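Asks: predicted model, plus sequence, below.
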Amino acid sequence: MAHQTSHVSEKLISECRQKLIQAKTDILNRVKEARMNLDNDDKGGDEADQTVRVLAEAEFLSMHERLRNQLFEIESALGRIESGSFGVCEETEELIEPERLRAIPWTRLSIEGAEIRESVDRRYAR
């Protein structure tokens, strides 16, 4: 599969690597900031304050899980750059569209591959 990556230009790979590293930094900063805000919250207060704090913690955990998944996708994409398989669709094994890579550099699927996967997911969701 690595031979196909020669069709993904070095310029595009470099551009995507920069975007991936920037996205990773942004996510890590968001998690750090959210955790600090949560830790700085006053632990006292009445029942309403405590309810608000519990909801904020639940929201933080939900956001944390989403960001953790995104971080995993970013790390995987950086790994694919290193291994030479970046930009190849997991579903069709064709090259992913450059515009799509620029928009979502961690994507594993071309537009066609995403549609195939979606229709398979819908079929099994019933």
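Replies: Yep, it's here.
Asks: next, the residue nearest the centre of the chain: secondary structure please.
Replies: What sits nearest the mean C-alpha location of the chain, by Cα atoms, centre = their mean, is Gln70, with 2.5 Å. Of the three states, Gln70 takes helix according to DSSP: H, G, I helix; E, B strand; the rest coil.
Asks: make residue 1 into 2 and carry on from there
Replies: Right, with 2 as the first residue, what we last looked at is Gln71.
Asks: I'd say it and Trp107 touch.
Replies: Yes - using Cβ atoms under 8 Å, Gln71 is in contact with Trp107, at 7.4 Å. No exception for glycine: its C-beta is placed from N, CA and C like everyone else's.
Asks: so what sits against both of these two?
Replies: Ala24 (Cβ atoms under 8 Å, 6 or more residues apart in numbering).
Asks: that older thread, could you check how far the residue nearest to the centre of the chain is from Ile82?
Replies: Going from Gln71 to Ile82 by Cβ to Cβ, to the nearest Å gives 17 Å.
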